[in-house]
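**Q** pasting the structure only:
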C-alpha cells in the first residue's frame, strides 16, 4: 500500500539516524541468542528475529539514551534486552493464541512445536535478564522487572476477560498496557536512566513511551476493523472472529440498543457468528461513531506523547520521536 | 511406604529448624502471587503451591543464609524467588510434557489450559525477578540470571536430544544441571552471598547445591526404573515410555551387544514399544549393572556434596544439610 510506504518513513528515518547503534545491537542479539548446548534455540530465534519486525522497541531505547547525551555502550545491551523480552512474549503469545502466521512467515509453534516456543521464549527472557544485569544498574533492573510483571499480568487478564462484554475501559487499558505500552514505556525510561538524565527527563521519557504504546495499540485495534477507511484490508475482522474485546467493540456496545446488544451478545459473548456478522458489526460501529471515537482516543494519547517530548533536550532525535507519534496514529486512513 | 516416611525426616528436620523463616516465606509467596487485575493468576499458582511440594529449594536458601550467620530478612525474598522460579518452570514443563498429574493433582494445563500455564509461569518469573531486585544485590541477580539461562537451555537441550541414543554423558549431565542442579546451586549460593559470607564458603555452598542437585536428579532417573529394589513402584517406566535418555539407559546402551542395541534402537530411538518391553529393558539394565552404576554415579556426587560442607561453619544446620544428602541418594532401595 502506498500509505504504508509513505508512513513508514519516520521509522526509517530513526533507523538511519541510529544505524551504527542498531548494527551493534544486531551483533549483540546474534551473539546472545546463540547457545553452546542447544542449537534449536538460535534456529527458532533467528526465524523470528530475521523475519524483521519493526524493531521499534530497541530504537526507542537507543534514541532515549542518545537524546539524553549518553556516550557509553550499555544502551546497546538494553536495546537488545527489550528486543529479547519482546521476542520472548511473541513466542509465548503465538502458543497462547494458537497463531499460524507472524511477520509474514509460519509461526515457530507451527514450524517446530509449542514446546520449543515456550522454552526458547524462556531462554530469551533469561538472556535478557543477563544482559540487563551487565549494565550494573539496579534501577534499570527494577524498571524492567516491573514491566515484565505488567506484561504477564496483562496477558493473563486478556485471557480471562475474553468475550466479556461487561468489562470497562480501564480494564481494556490495563490489557493494552500489558500488551504494548509497558515495554514501550520501559524501553524509553531505561534509555534515560542509563544516560543519567535528570528525573524530569526520565519521567517524560516514560510518559512518552506509555502514551505512544497506548496510541499504537488502540490504532492496531482500530485497524483490525479497517480503520477509518471504507475499503477493507485483508486482515480485517481477526479480533471479531477471536471475540476480543477492544475499544471499537466497547464503544459500539456502550451505545447499543436492546437489539444491537443482542447482536453483540450472540456474536462476541456467545461466539455464534454467521456470514454477514462482520459487516453488521462494522455497520453498528459506524452508526454510533465507534471507529471515530476509537481514533480520537488514540489521538488523545498521541497528544500526551507529543507533550511529554517538550521536557526533553532540543536534540535532532526529538523530531524523529515526534514523527513516530504521527506515524503511529496516522495508519488509519 | 515406610521407607519414604523414614527417609523424609531430614527434610522435616530442616523444616522444623527453619519453621519461623519458612512461615515468613509462605506469607511472602501468598502476597506476591496475588494479582490486582487478574484473579486467574493466584488461582493457578495456589493450585500448585498449596499442593505442597517439598519446598527443598527455599529451604536450601534459608539454611545457607542462616548457616553463614545472616541476620537480615532478604533471605526470605530469595527463598520466595527460587520457589517462584521453580513453580514457573513446573508450569511450563507440564505444557511441554503434556503432563496430566503433578503432586498428586491434575495439572494446571488440564484444569485450566495451556495458555494459563504459560502466562502464569511468565508472571511468576517476573514476580521472582521483582523480589530479587528488592534485595539490591547485583551479585544475587547475576547468579539467578545465569541459573535461569542454564535452566531454559537445559530444557531445550532435553527436547532436542530426546530419543537420541548417541548422546554422551556430558550432554546428559548438562540436561540434569538445567532440570535440577542449576537452581539448587543458585539457591545455596545466593544464601551465602546475601549473608556476606567469605568467598570459600560461597563457593562451597554452590558446589554443595550443584552436587546435591545432580545426585537428586540421577536418583530420580534411577527410581523411574524402580531403583535398586526388585519390586516395581507404580510410576516405574514413565521415562522409558517417553523415550527419555537417562543414565540407566546410557549405561545399558554403552554395554549393549548388537541384539541389545537393536532393542534400544527400536524402543527408544524408534518409539516402537510392545508389551513386555519395559521388563526387557529392566532385564538388560540388570544384566550390565546399569542400575548399580547409576546409583554409584549419584553416590559420587553425594560424596562431593558432603565434602563441600567441610568448608562451612560448624553450625547445627550443617548436620541437616548433610542429612539431606543421605536422604536424596538413599531413596533407591
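**A** Sure, I can see it. If you're wondering where the values come from, they're calculated on a predicted model, not measured in any experiment. Numbers count the residues shown, from 1 in each chain, chains lettered A, B, ... in the order given.

**Q** so the closest residue to chain B within the stretch 151-300 of chain A, which of the three states?
**A** Closest contact between the stretch 151-300 of chain A and chain B, by Cβ to the nearest Cβ, is at residue A:152 (3.7 Å). Glycine gets a C-beta too; all of them are placed from N, C-alpha and C. Following DSSP: H, G, I helix; E, B strand; the rest coil, residue A:152 is assigned to helix.

**Q** what sits against it?
**A** A:178, B:119-120, B:122-123, B:125-126 (Cβ atoms under 8 Å, 6 or more residues apart in numbering or on different chains).

**Q** Tell me the spacing between it and residue A:194.
**A** Distance of residue A:152 to residue A:194, computed by Cβ to Cβ, to the nearest Å: 24 Å.

**Q** what's the answer for residue A:23, then?
**A** 19 Å.

**Q** For these two, work out which one has more neighbours and name it.
**A** residue A:194 (25 against 11; other Cβ atoms under 10 Å in any protein chain shown).

**Q** Go ahead and confirm that one touches residue A:143.
**A** No: the pair residue A:194 / residue A:143 is not scored as a contact, 10.3 Å apart, by Cβ atoms under 8 Å.

**Q** What residue, apart from its backbone neighbours, is nearest residue A:109 spatially?
**A** residue A:117 (4.4 Å; Cβ to Cβ, 6 or more residues apart in numbering or on different chains).

**Q** Could you do residue A:264 as well?
**A** Residue A:264's closest residue in space is residue A:253 (Cβ to Cβ, 6+ apart), at 5.2 Å.

**Q** next one: residue A:139
**A** residue A:193 (5.3 Å).

**Q** who's in contact with the one you found?
**A** A:137, A:139-140, A:143, A:202.

**Q** SS state for it?
**A** Assignment for residue A:193 (three-state DSSP): helix.

**Q** distance of it from residue A:202?
**A** With Cβ to Cβ as the criterion, residue A:193 and residue A:202 are 6 Å apart.

**Q** same question, residue A:268
**A** 40 Å.

**Q** what pLDDT, on average, does the helix or strand containing residue A:94 get?
**A** Assigning secondary structure by DSSP states H and E places residue A:94 in helix A:74-97. On average, the pLDDT along helix A:74-97 is 92.

**Q** just the angle between that helix and helix B:74-96, please?
**A** 50 degrees (axes from the mean of the first three to the mean of the last three Cα atoms, to 10 degrees).

**Q** helices and strands around helix A:74-97, which ones?
**A** helix A:19-32, helix A:40-49, helix A:56-67, helix A:108-111, helix A:114-134, helix A:138-161, helix A:182-194, helix B:114-134 (3 or more Cβ pairs under 8 Å, 6 or more residues apart in numbering or on different chains; DSSP states H and E).

**Q** hmm, try it at 6 Å
**A** Packed against helix A:74-97 by the contact rule (3 or more Cβ pairs under 6 Å, 6 or more residues apart in numbering or on different chains; DSSP states H and E) you find helix A:19-32, helix A:56-67, helix A:108-111, helix A:114-134, helix A:182-194, helix B:114-134.

**Q** that older thread, please look at the residue nearest to residue A:109 and residue A:108 and confirm they touch.
**A** Yes: contact criterion Cβ atoms under 6 Å: residue A:117 and residue A:108 qualify, at 4.9 Å.

**Q** tell me the SS of residue A:197?
**A** Strictly by three-state DSSP, residue A:197 counts as coil.

**Q** do the same with the one 3 residues further on
**A** Under the three-state scheme (three-state DSSP), the conformation of residue A:200 reads as helix.

**Q** Pull up the per-residue confidence for it.
**A** 98.

**Q** Next: the one 10 residues further on.
**A** At residue A:210, the pLDDT value in this model is 98.

**Q** Kindly report the same for residue A:41.
**A** Reported pLDDT for residue A:41: 79.

**Q** What backbone torsions are found at the residue nearest to it when sequence neighbours are not counted?
**A** In this structure, residue A:41 finds its nearest non-sequential neighbour in residue A:35, 4.0 Å apart by Cβ to Cβ, 6+ apart. Dihedral pair for residue A:35: phi -140, psi 130, per degrees, to the nearest 10.

**Q** before we move on, the earlier item: how about the helices and strands packed on helix A:74-97 in a markdown table, adding distance to residue B:42 and mean pLDDT?
**A** Below are the helices and strands packed on helix A:74-97 laid out as a markdown table (distance: least, Cβ to Cβ, whole Å; pLDDT from 0 to 100):
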| stretch | distance to residue B:42 | mean pLDDT |
| --- | --- | --- |
| helix A:19-32 | 34 | 94 |
| helix A:56-67 | 30 | 97 |
| helix A:108-111 | 27 | 69 |
| helix A:114-134 | 22 | 92 |
| helix A:182-194 | 20 | 98 |
| helix B:114-134 | 9 | 92 |
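
**Q** ok, back up a step: orientation of the helix holding residue A:94 relative to helix A:40-49 in degrees?
**A** Using the same axes, to 10 degrees: helix A:74-97 against helix A:40-49 is 90 degrees.

**Q** Now the residue lying closest to residue A:188 once chain neighbours are set aside: which helix or strand?
**A** Leaving out its chain neighbours, the residue that sits closest to residue A:188 by Cβ to Cβ, 6+ apart is residue A:209, at 3.4 Å. Secondary structure assigned from DSSP H and E places residue A:209 in helix A:199-223.
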